[in-house]
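Colleague: Provided below are the primary sequence and the corresponding predicted coordinates.
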Amino acid sequence: DQQVKQNSPSLSVQEGRISILNCDYTNSMFDYFLWYKKYPAEGPTFLISISSIKDKNEDGRFTVFLNKSAKHLSLHIVPSQPGDSAVYFCAAPMDSNYQLIWGAGTKLIIKP
Amino acid sequence: DTGVSQDPRHKITKRGQNVTFRCDPISEHNRLYWYRQTLGQGPEFLTYFQNEAQLEKSRLLSDRFSAERPKGSFSTLEIQRTEQGDSAMYLCASSLVFYEQYFGPGTRLTVT
């Protein structure tokens, strides 16, 4: 049973436009969410997080929105840049030991 | 650079052989995690250490897998009698207190 779902395997966006990556979760006990970015042949890199007490968190070009009633979060990147081309993972901590439950990832391709 | 390092980066082995991977976490991080990732999937939790104590181990981890973290510093992951299904990227991550885990570049294992 996938508790964190990323239903879009890939997304292609024009450079300079907004990229929106989506993530759904089923476990209402999740109270913190993270986005990671992964380039080929590298480990995931932490990008941005959000606590369930907030509905928005912003860091430069990256904004994460959380809709708890819909169990949905999204990552907005604006403006999109070529270096943003990577696989983006949504993750949530399972318990107090911080075991992360991951989505399958979305491959973002930024077109020049 | 004081990030998480992993060695080796690539390992090719024959079925039935034993392999051992090493992870050096960020020095002040007391928590260390091992994950496995296959193509098109997010990382899958294997095991977790707090200092030298192994506090959690995935039920998916067979008895052929063992991990250690002597003295709470570096960690090793050993796979005995490797099988072709063990072929994957093995990721190590460390963290201090917060949810954000910092990943190494991974060890890609190919079992022939």
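Modeller: Okay, I see it. Numbering: from 1, shown residues only, chains lettered A, B, ... in the order given.

Colleague: So, low pLDDT: which residues of chain B?
Modeller: Counting by pLDDT under 70, chain B contains low-confidence ranges at B:1, B:98.

Colleague: residues in it within reach of chain A, list them.
Modeller: Residues of chain B lying near chain A by CB under 8 Å from any CB of the partner chain: B:4, B:6, B:31, B:33, B:40-45, B:48, B:50, B:55-56, B:91-93, B:95, B:99-106. Every residue, glycine included, has its C-beta placed from N, CA and C.

Colleague: Which ones among those residues map onto helices?
Modeller: Residues of the residues of chain B next to chain A located in helices (DSSP state H): none.

Colleague: Which members of those residues are classed as buried?
Modeller: Burial by neighbour count, 16 or more other CB atoms under 10 Å in any protein chain shown: within the residues of chain B next to chain A this picks out B:4, B:6, B:31, B:33, B:42-45, B:48, B:56, B:91-93, B:95, B:99-106.

Colleague: Residue B:92 contacts residue B:23, doesn't it?
Modeller: Yes: if you go by CB atoms under 8 Å, residue B:92 and residue B:23 touch, sitting 3.4 Å apart.

Colleague: if I look at those two, which residues touch both of them?
Modeller: Residues touching both residue B:92 and residue B:23 (CB atoms under 8 Å, 6 or more residues apart in numbering or on different chains) are B:4, B:6, B:32, B:34, B:75, B:77, B:104.

Colleague: Out of those, which is nearest to chain A?
Modeller: Ranked by distance to chain A (CB to the nearest CB), the shared contacts of residue B:92 and residue B:23 are led by residue B:104 at 5.2 Å.

Colleague: Contacts only, for that closest one.
Modeller: Residues near residue B:104 by CB under 8 Å, 6+ apart: A:43, B:3-6, B:23-24, B:91-93.

Colleague: What I need now is these written out in TSV, including distance to residue B:13 for each item.
Modeller: As requested, the contacts of residue B:104 are exported to TSV (distance: CB to CB, whole Å):
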residue	distance to residue B:13
A:43	21
B:3	26
B:4	23
B:5	21
B:6	16
B:23	18
B:24	22
B:91	18
B:92	19
B:93	23
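
Colleague: where does the residue lying closest to residue B:52 once chain neighbours are set aside fall, phi/psi-wise?
Modeller: Leaving aside its chain neighbours, residue B:52 sits nearest to residue B:72 (4.2 Å; criterion: CB to CB, 6 or more residues apart in numbering or on different chains). Backbone torsions of residue B:72, given as degrees, to the nearest 10, read phi 70, psi 20.

Colleague: ok, now residue A:82?
Modeller: Main-chain dihedrals, residue A:82, degrees, to the nearest 10: phi -50, psi -40.
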